[in-house]
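> no sequence on this one, just coordinates:
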């Protein structure tokens, strides 16, 4: 069982930055691929970024490429999402996801999910 707790959301002006964190309870955190998803009001949940267990492979949605960076610190059982050049359309609840298979994370089939953190970007 893996528990995920997101933090770092908030209100920011367009063009600003935020860093989200996701702390995991797993004793073997380094065995899990991790990802970030988001869901805006009235829209379906969408993939944002994913990272392999080692951090050696990363994947991004086209909408965030060049602006967002996913990283992880296995010593701290934490994955991060650095968000720069934020736009109003980035406004959403952001969720952390974990699975032992990277493919499951990328395809929105993760076994474990956090409760989400709200990100609001004002214009």
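Thanks, I have it. Remember, it's a predicted structure, so these values are computed and weren't measured experimentally. Numbers count the residues shown, from 1 in each chain.
> Who are the contact partners of the nearest residue to residue 115 once chain neighbours are set aside?
Spatial nearest neighbour of residue 115, chain neighbours left out: residue 6 (6.9 Å); criterion: C-beta to C-beta, 6 or more residues apart in numbering. For every residue, glycine as well, the C-beta is placed using N, CA and C. Applying C-beta atoms under 8 Å, 6 or more residues apart in numbering to residue 6 gives the contacts 20, 21, 22, 94, 95, 96, 114, 115, 116, 117.
> For this protein, spot the helix or strand the model is least confident about on average.
Every helix and strand of the chain was ranked by mean pLDDT, DSSP states H and E. The lowest is helix 102-106, at a mean of 93.
> For that one, buried residues please.
102, 104, 105, 106 (16 or more other C-beta atoms under 10 Å).
> Ok, stretch 39-59 next?
Under 16+ other C-beta under 10 Å, the buried positions of stretch 39-59 are 45, 47, 48, 49, 50, 51, 53, 59.
> can you check stretch 110-121 too?
Going by neighbour count (16+ other C-beta under 10 Å), the buried part of stretch 110-121 is 110, 112, 113, 114, 116, 117, 119, 121.
> Greatest separation within those residues: which pair is it?
Among the buried residues of stretch 110-121, the pair separated by the greatest distance (C-beta to C-beta) is 112 and 121, at 27.0 Å.
> Now for residue 109, how many residues are close by?
By the criterion of other C-beta atoms under 10 Å, residue 109 has 11 neighbours.
> Chain neighbours aside, what residue packs nearest to it?
Per C-beta to C-beta, 6+ apart, closest to residue 109 is residue 99, 7.2 Å.
> who does the helix or strand where residue 82 lies pair up with?
Assigned by DSSP states H and E, residue 82 belongs to strand 78-83. Applying DSSP bridges to the sheet, strand 78-83 is found paired with strand 18-24 (antiparallel), strand 68-73 (antiparallel).
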